[in-house]
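Give me coordinates for this.
(chains A and B)
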Amino acid sequence: DIQMTQSPSSLSASVGDRVTITCRASQGIGNYLAWYQQKPGKVPKVLIYAASTLQSGVPSRFSGSRSGTDFILTISSLQPEDVATYYCQKYDSAPLTFGGGTMVEI
Amino acid sequence: EMQLVQSGAEGKKPGESLKISCKGSGYSFTNYWISWVRLMPGKGLEWMGMIDPSDSYTMYSPSFQGHVTITVDKSISTAYLQWTTLGASDSAIFYCARHGYASSARSWFDPWGQGTHVIVSS
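Sure thing, here's the model as predicted:
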């Protein structure tokens, strides 16, 4: 099965900082990659799908990109409400594996 | 508004059986696959398996194959996740999630149910 390696596992940044989270697939998955945000005690919410398509209603400071089997989630200017755990997920084929998660703190 | 509403929290003993539910509304239930996801305390999200409500075709993660069963009753727009024998390691929050792309297993998840908290303890 394809493994999804997400890094870092946690990070601390200041308000206004640019933050990047990386997800590496062990094999090619095309653009079949989504990013989710889960705030403490809340339900996960999709931010980006198809590697770089912003879900409707998601702030434009979130963006996604791909380089081969590396996928990057960027928060251009970190806000206090962005404190959450972020997950990548591949959905090219079963199993629809999640990355290990990145906890973002201020 | 499309939404998934899950059944309430459960407290069970090891060895007992359990079936939790996920009712869809606000969209054509049979047109979108449903997946189940586990969140254990202090751990990350884990995909368990999925079902096509139109024909009940299922696919499971190797990690959960044989330990859980996913079913659906399309007459009441409800999907289920069930265990015949619970273990202490089954204590977690379980989410159902609708696939965002119609009629496709290859999809991101949106929306998600509110989660069902299961505690297994003697």
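
bridging residues for the spatially most central residue of chain B?
Nearest to the mean C-alpha position of chain B, by CA atoms, centre = their mean, lies B:Trp36 at 3.3 Å. Beta-bridge partners for B:Trp36, by DSSP bridges, are B:Gly49, B:Cys96.

any idea how far B:Gln6 is from it?
Remark: distance between B:Trp36 and B:Gln6 (CB to CB, to the nearest Å) = 10 Å. (Each C-beta comes from the backbone N, C-alpha and C, glycine too.)

Now for these two: what residues contact both?
B:22, B:94-96 (CB atoms under 8 Å, 6 or more residues apart in numbering or on different chains).

Strands along chain A, start to end?
For chain A, the strands defined by DSSP state E occupy A:4-7, A:10-12, A:19-25, A:33-38, A:45-49, A:53-54, A:62-67, A:70-75, A:84-90, A:102-105.

Without its sequence neighbours, what residue ends up closest to A:Tyr91?
A:Tyr32 (4.9 Å; CB to CB, 6 or more residues apart in numbering or on different chains).

looking at it, the one you found is touching A:Ser52, isn't it?
No: if you go by CB atoms under 8 Å, A:Tyr32 and A:Ser52 don't touch, sitting 12.0 Å apart.

Do you know the pLDDT at the residue sitting nearest the centre point of chain A?
Nearest residue to the geometric centre of chain A (CA atoms, centre = their mean): A:Trp35, 3.8 Å. pLDDT recorded at A:Trp35 is 98.

who's it bridged to?
Under the criterion used here (DSSP bridges), A:Trp35 is bridged to A:Ile48, A:Cys88.

Where does the prediction get shaky in the chain?
Chain wasn't specified; assuming chain A. Chain A contains no residues with pLDDT under 70.

that's the wrong chain, I wanted chain B
Judged by pLDDT under 70, no stretch of chain B qualifies at all.
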